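[1] Could you work out the structure for the sequence below:
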Amino acid sequence: MTGSLGSGAVTITPLHGIPEIAEGDDLAAVLAAACVRAGVPLTEGDILAVSSKIVSKALGLTAPTDDKEAVVAAETVRVVAERAGASGITRIVQGKAGPVMAAAGVDASNTGGRDVLLLLPHDPDAVCRDLHAALRAATGVEVFAVVLTDTAGRPWREGQIDFALGSHGLRVLDDLRGSVDADGRALEVTARAVADEIAAAADLVKGKTAAVPAALVRGLAASVLPVVDDREGAGTAQAGASPRREPRRRREPRDWSGSAMVTGSRWDPRRPFARPSACRRVLVQEARTDLAPSRGTRWLGE
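    Numbering: from 1, shown residues only. Here you go, the predicted model:
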């Protein structure tokens, strides 16, 4: 993309009236009807932002609450950090869904009054692809996008934010490398995380307490793929702006912020949530070898 985003108005419409979703429900039909009720029937160029909660419910991705730690362990690919506290052990892990987040995304909120834990789908992009196909069949609309949203905290920032767990039919990155800024300076690393921005913006009208698990975003047709490539998604394209590229190798830490990023402070594994300066070395190592979301290969290889 060439930076054409943001040149016009964008509207985000909450989809009210979505009933409590149960396993086996026709989620595509429910969402299509919600769009019509909201006065924004799905049309070409639209983006549908859908909470992972209702997708997990429709797919029956639940677990009993009697041993949450065992459930989290079963959903974990690797542990990044953990800390024991009065309420138990807090673990920051990479889950089977891809992202690094607390408790592998296992969640007990907004479960519809049921005493269960909700689990994230292990292949979020595939879920979005299937939902996209079902919506296409239900509405006859061909060119639109689906973004699966979830909530996570951010290092050294208060509060949580919605991000794109997966997507289909969307250019998830607005790759500006090689273009120039408003002052004529060359942009070397800038790639806007469009899918995440859409997920966060949609949550402003969805909310966590209003039982509004989906929103329709209109006005970003430039981000919607004209011909859907089944490989394109928030997971696959995080490795590059085009799904046809090989994942780019991340640069060595010295190319980012100098040798101080690696040698500046001693990492104490007994204090995984210590002040930022104490975390630099391990975070650089994690960044170098982190898994691309929703993929099974390392950025730098073994």
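[2] max-length strand in this structure?
    Counting residues, the longest strand in the chain under DSSP state E turns out to be strand 157-168.
[3] buried residues in that strand?
    Of the residues in strand 157-168, those with enough neighbours to count as buried (16 or more other CB atoms under 10 Å) are 162, 163, 164, 165, 166, 167, 168. No exception for glycine: its C-beta is placed from N, CA and C like everyone else's.
[4] likewise stretch 73-87?
    75, 76, 80, 81.
[5] Output the below-cut-off pLDDT ranges for this structure.
    The model of the chain has pLDDT under 70 over residues 1-7, 227-302.
[6] hey, which helix is longest across it?
    Looking across the chain with DSSP state H, the single longest helix is helix 124-139.
[7] now the nearest residue to residue 14 once chain neighbours are set aside, what's its secondary structure?
    The shortest distance from residue 14 to any non-neighbouring residue, by CB to CB, 6 or more residues apart in numbering, is to residue 205 (4.2 Å). In three-state terms, and counting by DSSP: H, G, I helix; E, B strand; the rest coil, residue 205 is helix.
[8] ranges for the helices of the stretch 51-200 of the chain?
    52-59, 68-74, 124-139, 194-206 (DSSP state H, counting those that start in this stretch).
[9] Out of those helices, flag the one nearest residue 41.
    helix 124-139 (7.5 Å; CB to CB).
[10] Quick check: end-to-end length of stretch 171-186?
    22 Å (CA to CA, to the nearest Å).
[11] Show me what counts as buried in that stretch.
    Under the neighbour-count criterion of 16+ other CB under 10 Å, stretch 171-186 has 171, 172, 173, 174, 175, 176 buried.
[12] bridging residues for the fifth one?
    Just to be clear, that refers to residue 175. Per DSSP bridges, the residues bridged to residue 175 are residue 191.
[13] Would you mind giving the buried residues of stretch 171-186 as TSV with distance to residue 127 added?
    Output for those, formatted as TSV (distance: CB to CB, whole Å):
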residue	distance to residue 127
171	19
172	15
173	20
174	24
175	25
176	29
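[14] Go through these and name the one nearest residue 199.
    When the buried residues of stretch 171-186 are compared against residue 199 (criterion: CB to CB), the nearest one is residue 172, at 10.3 Å.
[15] rewinding a little: among the buried residues of stretch 73-87, which lie within strands?
    Secondary structure defined by DSSP E assigns 76, 80, 81 of the buried residues of stretch 73-87 to strands.
[16] mind listing the strands for the stretch 151-300 of the chain?
    Remark: strands assigned in the stretch 151-300 of the chain by DSSP state E, counting those that start in this stretch are 157-168, 173-175, 191-193, 214-218.
[17] so who does residue 181 touch?
    Applying CB atoms under 8 Å, 6 or more residues apart in numbering, we find residue 181 in contact with residue 187.
[18] I'd like the numbering to begin with 814 instead of 1 from here.
    In the new count, where the first residue is 814, that last one comes out as residue 994.
[19] The helices of the stretch 864-1013 of the chain into CSV, with extra columns for distance to residue 823?
    Listed next are the helices of the stretch 864-1013 of the chain as CSV, based on distance: least, CB to CB, whole Å:
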stretch, distance to residue 823
helix 865-872, 23
helix 881-887, 37
helix 937-952, 20
helix 1007-1019, 8
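[20] circling back: please name whichever of the strands of the stretch 964-1113 of the chain is nearest to residue 824.
    strand 1027-1031 (4.9 Å).
[21] That closest one packs against which elements?
    Strand 1027-1031 makes packing contacts with strand 824-827, helix 840-850, strand 860-864, helix 1007-1019 when contacts are defined by 3 or more CB pairs under 8 Å, 6 or more residues apart in numbering; DSSP states H and E.
[22] Out of the helices of the stretch 864-1013 of the chain, which is closest to residue 967?
    Nearest to residue 967, of all these, is helix 1007-1019, at 10.8 Å by CB to CB.
[23] Strand 860-864 and the closest one, what's the angle between them?
    70 degrees (axes from the mean of the first three to the mean of the last three CA atoms, to 10 degrees).
[24] Pull the residues that contact helix 1007-1019.
    Contacts with helix 1007-1019, where a contact means CB under 8 Å, 6+ apart, come from 818, 823, 825-827, 860, 862, 864, 960, 962, 964, 974-977, 980, 983-987, 1025-1028, 1030, 1033, 1036, 1047.
[25] so how far is that helix from its chain's centroid?
    Chain-centre distance of helix 1007-1019: 10 Å, with CA atoms, centre = their mean, to the nearest Å.
[26] what about the strands of the stretch 964-1113 of the chain, which gets the closest to residue 839?
    Nearest of these (CB to CB): strand 1027-1031, 14.3 Å.
[27] So for that closest one, what gets flagged as buried?
    By 16+ other CB under 10 Å, the buried positions in strand 1027-1031 come out as 1027, 1028, 1029, 1030, 1031.
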